[in-house]
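Trainee: Make a model of this:
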Amino acid sequence: CVDVDENKVKIMKNGDSPIYEPGLSELMKEHKNNLVFTTDYEEAYREAEVIFIGVGTPEKQDGSANLSYVFEVAKQIAQTVQRDCVVVIKSTVPIGTNDKIESYIRDKQKNKDVCIYVASNPEFLSQGTAVKDTLCASRIVIGVEEVFPGEVLKKVYEKFDVPKLIVKRRSAEMIKYAANSMLATRISFMNDIANLCELVGADVNMVRKGIGSDSRIGSKFLYPGCGYGGSCFPKDVKALVKTAEKKGYVMKVLKAVEEVNEHQKELLFHKLEKYYGGALKGKTIAIWGLAFKPETDDMREATSLVIIRLLKDAGCKIRVYDPVAMDECHRRIGNDVEYAVDMYDAVLNADALLLLTEWKPFRLPSWGVLQKSMNRSVIIDGRNIYDGKELRQLGFDYYCIGQ
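Mentor: Sure thing, here's the model as predicted:
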């Protein structure tokens, strides 16, 4: 396992994970005898039969994918490999990138006597459930142009009793983007429906159950909320839109998906602003949840970043709490907010509570403690996890999405 970050390698050599991911550290400790961590790529690549590239492809300012890290690793492989091998691209890359990487490696490879093949093998895991998603995958997609690399990867995955789909490389690349874009589309569609439900007097939870019971639609990814974030959906939607633009085609649906999501991230702030008639200056606002989803400390494209910026601009005092993302928040925004020691400390003397991430500890709080702690019993639920009827009976001013 190769990484350029010496500190991360040191952490992993000790059997620990440098990121928060349930089950990962335990798995690393259990299989420590099979794992070697190093910053020395020459040592790692020289005799490798299969090399997986899983580096980041972050979004550029124009929405396209930054492939510099992928090509840097490809360059290292070309200069180092001393035997026939298969280079497997797990990083999410624009359609046609695998072809370019293979040409790049073969053009620059130092030892011309070895054959280097490139295969596309996109990942379909989610943060917070990455271990389960890997070991119990719904499918494994392998994109190859020749028989040999396909046979090698089937051997690599032979113990995985899941469907294995062998396709051409460009189709494999498109499968990854299309899957994430479809899921993002469902989320934005439901958020649009939820916003309309509020205006016409419908209940989005009833609507969700009604359409989800249709076998053609299904119930997954039909939950409205305050916008999606993370390292995949926002980046992949923008990258696919950009790929189409380069080909002279406009992805009208995905452009709308992106627009709805950006609007949705601001929705809770506007609900709060409406509640206080625009008079937010000096108000103390508590935030539960900073990560873009539960079971991760990842704040990339998180709704919390948008909400914090809007609250700060409005002159609010902001107190935040997240079970695991506090350090990441401090790294990103410093002392622009006050960091609470626990979820109840966050609501002390608060004029409103905004729920942004549906962590398990937030699902069953002590309502009595909240009422005694808060200046005003106002809850704006960005994930629809509470029973509005119950909270209103308890004396809370409760608002959610789509009701």
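
Trainee: Low-confidence regions, this protein specifically.
Mentor: Scanning the chain for pLDDT under 70 picks out nothing.

Trainee: Specify the local secondary structure of V306.
Mentor: What DSSP: H, G, I helix; E, B strand; the rest coil gives for V306 is helix.

Trainee: Buried residues, the helix or strand containing A184. List them.
Mentor: Counting by DSSP states H and E, the element that carries A184 is helix 169-200. For helix 169-200, a neighbour-count test (16 or more other Cβ atoms under 10 Å) marks 169-170, 172-177, 179-181, 183-195, 197-198 as buried. Bear in mind the C-beta positions are built from the backbone N, C-alpha and C, glycine included.

Trainee: To which secondary structure element is the nearest residue to L24 once chain neighbours are set aside assigned?
Mentor: The shortest distance from L24 to any non-neighbouring residue, by Cβ to Cβ, 6 or more residues apart in numbering, is to S17 (4.5 Å). Assigned by DSSP H and E, S17 belongs to no helix or strand.

Trainee: For the remainder of this discussion, apply numbering that starts at 334.
Mentor: Shifting the count to begin at 334 puts that one at S350.

Trainee: Can you name the residues that contact S350?
Mentor: Counting by Cβ atoms under 8 Å, 6 or more residues apart in numbering, S350 touches I344, L357, S358, M361.

Trainee: would JSON lines of those with secondary structure and neighbour count be doable?
Mentor: Formatted as JSON lines, those follow (DSSP: H, G, I helix; E, B strand; the rest coil; neighbours: other Cβ atoms under 10 Å):
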{"residue": "I344", "secondary structure": "helix", "neighbour count": "17"}
{"residue": "L357", "secondary structure": "helix", "neighbour count": "16"}
{"residue": "S358", "secondary structure": "helix", "neighbour count": "17"}
{"residue": "M361", "secondary structure": "helix", "neighbour count": "18"}
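
Trainee: mind listing what C649 touches?
Mentor: Taking Cβ under 8 Å, 6+ apart as the test, what C649 contacts is L613, K614, G615, K616, T617, I618.

Trainee: what secondary structure does V451 sit in?
Mentor: Assignment for V451 (three-state DSSP): strand.

Trainee: Would you confirm that it contacts I422?
Mentor: Yes: the criterion here is Cβ atoms under 8 Å, and V451 meets it with I422 at 6.6 Å.

Trainee: Spit out the residues that contact the two alike.
Mentor: Joint contacts of V451 and I422 (Cβ under 8 Å, 6+ apart) are N431, I434.

Trainee: before we move on, the earlier item: ok, the residue nearest to L357 to K341 distance?
Mentor: 9 Å (Cβ to Cβ, to the nearest Å).

Trainee: May I see the buried residues of the helix or strand L587 falls within?
Mentor: Per DSSP H and E: L587 is located in helix 585-597. Residues of helix 585-597 classed as buried: L587, V590, E591, V593, N594, Q597 (neighbour count, 16+ other Cβ under 10 Å).

Trainee: what's the closest non-adjacent residue to the last one?
Mentor: Of all residues beyond its chain neighbours, the one nearest Q597 is G560 (4.0 Å), with distances taken as Cβ to Cβ, 6+ apart.

Trainee: again with the third one
Mentor: By the measure of Cβ to Cβ, 6+ apart, the closest residue to E591 outside its immediate chain neighbours is V570, 5.5 Å from it.

Trainee: Which secondary structure state is assigned to the one you found?
Mentor: helix.

Trainee: contacting residues around it?
Mentor: N513, S514, A517, L587, V590, E591.

Trainee: Roughly how far does the residue lying closest to G721 once chain neighbours are set aside sit from E606?
Mentor: Nearest non-adjacent residue to G721, counting by Cβ to Cβ, 6+ apart: Y731, 4.9 Å away. From Y731 over to E606 the distance is 17 Å, taken as Cβ to Cβ.

Trainee: neighbour count winner among these two?
Mentor: The neighbour comparison of Y731 against E606 (other Cβ atoms under 10 Å) goes to Y731, with 20 against 16.
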